[in-house]
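>>> pasting the sequence and the predicted coordinates here, then a few questions.
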Amino acid sequence: MEDTTVTEKRSAKERGADINDITNNEVDYDQLLSSAGKFGRYQWFLFFSTCPFYIFSTFSYFSQMFMTEPSPNHWCWIPELANLTELGRRNLAIPRDESARFGYSQCKAYIANWSAVLISGITPNESWPTEKCQHGWEFNKTEIPYPTVSSEWGWVCDKDSYQATAQSIFFLGSIVGGFLIGWVADRFGRIPAAVSANMIGCVAGVVTIFARNFIEFSVCRFLMVGAIAALGAVLSLALPETAGRDMPQTFEDADELVRNQKLFDVPFLQRKKVVDGGYVNSSFQSN
């Protein structure tokens, strides 16, 4: 009880000093906010109003890792053997490779008349000629039980660097976006910068759905993350005007906590959707 009384007296004394400074025309903005009450209902409103931006950005920012990661266990897709089981197709058409991670080639298949092979019941021979995958790949869904950009567009074997390159371009966008949106904020104001960042991120995110190749996908994701990443910085820079210079980082850290907590929900929700949808035991063919 005594500690509370001392704190109240000290606060009243400090407010009195702030008022004297204002009377003497020695106004410090932080002191003025402190006298008016720099962390009131409006500041709480600002905090909760910015939380949705950080929550939604979680799905935009971290989904890149989930949508581009290919299943490491894959092999050539042979359309003529579609009626066989997954194991039967692999044992018949894929050469064995003891040095490979899974014990068989992931980028080559035997050259054969598969219709004749099925009729005659011939077993594969290591002397048979091989060729690179001509009809895409088949992916085991044990580790990654859903289709990704890498599996749909065949970012494996000769194109196995595409996934890492797309990741690099994506995160480069967050750096470039910080400079560009920051310049817009300084030149035209923080509200126009925040609105333009939202519009760019929204449009780029929607257009990503219609991307048809590596370049289109990378450009869309580059623009989207550049806008989303810069948006948080713009919002945090607007807070000193109402909350004082010592509060923006607190606001941003709290919002980041909310955003990163939602990150743990993304894999859980995605896996639940996949399991409920019955995709776990299916295999995907990339043409």
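Alright, I've got the coordinates.
>>> what segments of this structure are helices?
Using DSSP state H, the helices of the chain run over 2-23, 29-36, 41-68, 86-93, 114-120, 149-153, 162-188, 190-208, 214-238, 240-243, 248-263, 265-277.
>>> let me see the mean pLDDT of the fourth one.
For helix 86-93, the per-residue pLDDT values average out at 87.
>>> that helix - contacts with which helices or strands?
Judged by 3 or more C-beta pairs under 8 Å, 6 or more residues apart in numbering; DSSP states H and E, helix 86-93 is in contact with strand 137-139. For every residue, glycine as well, the C-beta is placed using N, CA and C.
>>> could you list the buried residues of stretch 49-69?
Using 16 or more other C-beta atoms under 10 Å as the test for burial, stretch 49-69 gives 50, 53-54, 56-62, 64, 67-69.
>>> check stretch 124-144 too.
By neighbour count on 16+ other C-beta under 10 Å, the buried set for stretch 124-144 is 130, 133, 136-141, 144.
>>> in TSV: the buried residues of stretch 49-69, plus distance to residue 197 and pLDDT.
Listed next are those as TSV, based on distance: C-beta to C-beta, whole Å; pLDDT from 0 to 100:
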residue	distance to residue 197	pLDDT
50	13	72
53	10	74
54	13	71
56	13	73
57	10	73
58	16	72
59	16	74
60	12	75
61	13	75
62	18	76
64	18	80
67	22	84
68	23	85
69	27	83
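>>> ok, which pair from the residues you listed is furthest apart?
Farthest pair in the buried residues of stretch 49-69 (C-beta to C-beta) is 50 and 69. Separation: 30.1 Å.
>>> any stretches of the stretch 101-250 of the chain with poor pLDDT?
Residues of the stretch 101-250 of the chain that meet the criterion pLDDT under 70 lie in 232-233, 235-250.
>>> redo that, cut-off 80
Residue ranges of the stretch 101-250 of the chain with pLDDT under 80: 101, 143, 189-190, 229-250.
>>> just the C-alpha atoms of stretch 61-72, please, in CSV.
C-alpha atoms of stretch 61-72 as CSV (Å, rounded to 0.1, in the frame of the first residue of the first chain):
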residue,chain,number,x,y,z
TYR,A,61,5.3,-15.1,-45.2
PHE,A,62,5.8,-18.6,-44.0
SER,A,63,3.7,-20.5,-46.6
GLN,A,64,6.6,-20.2,-49.0
MET,A,65,8.4,-22.9,-47.2
PHE,A,66,5.4,-25.3,-47.3
MET,A,67,4.4,-24.6,-50.9
THR,A,68,7.8,-25.0,-52.5
GLU,A,69,9.3,-28.0,-50.5
PRO,A,70,9.3,-31.1,-52.7
SER,A,71,9.1,-34.7,-51.3
PRO,A,72,12.6,-36.1,-51.3
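>>> give me the contact list for it.
For stretch 61-72, contacts defined as C-beta atoms under 8 Å, 6 or more residues apart in numbering pick out 101, 139-144, 148-151, 155-156, 160, 163, 166-167, 170, 221, 225, 228-229, 263, 266-267, 270.
>>> can you rerun that using 7 Å?
The list of residues contacting stretch 61-72 from outside it, by C-beta atoms under 7 Å, 6 or more residues apart in numbering, reads 101, 139-141, 143-144, 148-151, 155-156, 163, 166-167, 170, 221, 225, 228, 263, 266, 270.
>>> stretch 85-97 now?
Stretch 85-97 has contacts (C-beta under 7 Å, 6+ apart) with 75-76, 78, 81, 84, 103-105, 108-110, 124, 126, 130, 283.
>>> sorry, back to before: nearest to residue 118 among the buried residues of stretch 49-69?
residue 69 (34.4 Å).
>>> where's the closest one relative to residue 142, distance?
Relative to residue 142, residue 69 is positioned 14 Å away (C-beta to C-beta, to the nearest Å).
>>> show me the domain layout of this protein.
Split into domains by automatic domain parsing, the chain comes to 39-70+147-271, 74-143.
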